[in-house]
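Trainee: Quick one: sequence plus predicted model below, questions after.
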Amino acid sequence: MSQTPLIVGNWKMHKTIQETEEFCLGLKKEIDGIRSGQVEVAVAPPFTALAAAARLLKNSSISVSAQDVFWAESGAYTGEVSPKMLRDVGCRYAIIGHSERRQFFHETDDSVNKKAAALITEKLIPIFCLGETLAERREGITFTVVERQTRQGLKGLAITDPQDLVIAYEPVWAIGTGQTATPQQAQEIPAFIRKLLQEHFSPEMSRGLRILYGGSVKPENIAELMAMDDVDGALVGGASLNVKSFSAIVRGAGPKEK
């Protein structure tokens with residue numbers, strides 16, 4: 001079964017509306033030659049720039065993702081944004097459970113689970129992040145942490161198509177540090193996650209779900225990361241802020257056989 005890789009650029013708290021417009025126009029030109037179905041691409045601007053990105057990328061091969069979401073449809077939740085609002089602005093994806101959200105904003109496995117369910121109800125695709133910190137890896141509890149995050153984060157979720165959910169494994173110690181997991185490390189945990197997925201979904205569904213790697217992904221290492229059997233794409237941070245480096249990462253990915 002052919003697997004279309006997914007490359008997602010998470011801009012975090014970067015780029016004004018004007019900078020977003022310039023980036024989107026430049027990215028469309030850079031990856032214009034990539035055939036439909038060869039690589040799927042998405043960018044995740046800050047909330048303030050989502051509408052501008054969606055307008056410029058409409059009818060292109062590039063999707064728009066939010067960086068977070070709240071699980072309620074509406075209500076007295078000052079500062080929050082609902083799945084319905086994201087769909088209205090033109091999003092296809094939303095990142096949830098990112099390590100920075102867990103670290104700085106006390107995101108929990110339970111809140112990530114609620115966000116995933118709310119997105120699926122609204123027919124948006126969650127990019128569900130999980131991964132261990134450096135302290136947890138040194139303590140030897142990487143598998144325990146990843147198993148807990150997977151089980152609790154996916155609890156009760158009902159999907160009918162493997163395209164309805166994306167998993168992103170991000171070893172927290174490799175995010176923004178310049179350190180990248182070895183290809184073997186980048187394969188070991190996604191393979192473990194895929195086995196856990198079989199307890200929630202059918203074996204066929206589990207094989208079809210895309211698992212991304214995130215953690216100092218660069219043009220220089222994308223090919224060896226994508227060569228791993230259970231790595232189906234990348235969640236890119238710093239290197240996604242530059243059109244040239246991000247498009248080089250996109251070109252470095254290719255379709256995979258499962």
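Mentor: Cool, got the structure. Numbers count the residues shown, from 1 in each chain.

Trainee: List the contacts of whichever helix in the chain runs longest.
Mentor: Using DSSP state H to define each element, the chain has its longest helix at helix 183-200. Identification of contacts with helix 183-200 by C-beta atoms under 8 Å, 6 or more residues apart in numbering yields 130-131, 142-143, 146-147, 150-151, 154, 157, 167, 169, 171, 180, 205-207, 209, 211, 213, 224-225, 227-231. From N, CA and C alone the C-beta is placed, and that goes for glycine too.

Trainee: now do stretch 25-42
Mentor: Outside stretch 25-42, the residues that reach it (C-beta under 8 Å, 6+ apart) are 4-9, 43, 56-57, 60-65, 92-93, 233, 243-244, 246-247, 250-251, 253-255.

Trainee: For the residue nearest to Y77 when sequence neighbours are not counted, list the residues it contacts.
Mentor: Nearest residue to Y77, sequence neighbours excluded (C-beta to C-beta, 6 or more residues apart in numbering): F70, at 5.7 Å. By C-beta under 8 Å, 6+ apart, the contact set of F70 is Y77, E80, V81, S82, K115, A118.

Trainee: By neighbours, which of the residues you listed wins?
Mentor: The residue in the contacts of F70 with the most neighbours, by other C-beta atoms under 10 Å, is K115 (24 neighbours).

Trainee: coming back round to it: which ones among the contacts of F70 lie within helices?
Mentor: Residues of the contacts of F70 located in helices (DSSP H): K115, A118.

Trainee: Could you let me know which of the contacts of F70 ends up closest to E220?
Mentor: K115 (33.2 Å; C-beta to C-beta).

Trainee: got the phi/psi numbers for the spatially closest residue to the closest one that is not a sequence neighbour?
Mentor: Nearest residue to K115, sequence neighbours excluded (C-beta to C-beta, 6+ apart): I96, at 4.4 Å. When read as degrees, to the nearest 10, the backbone of I96 gives phi -140, psi 150.
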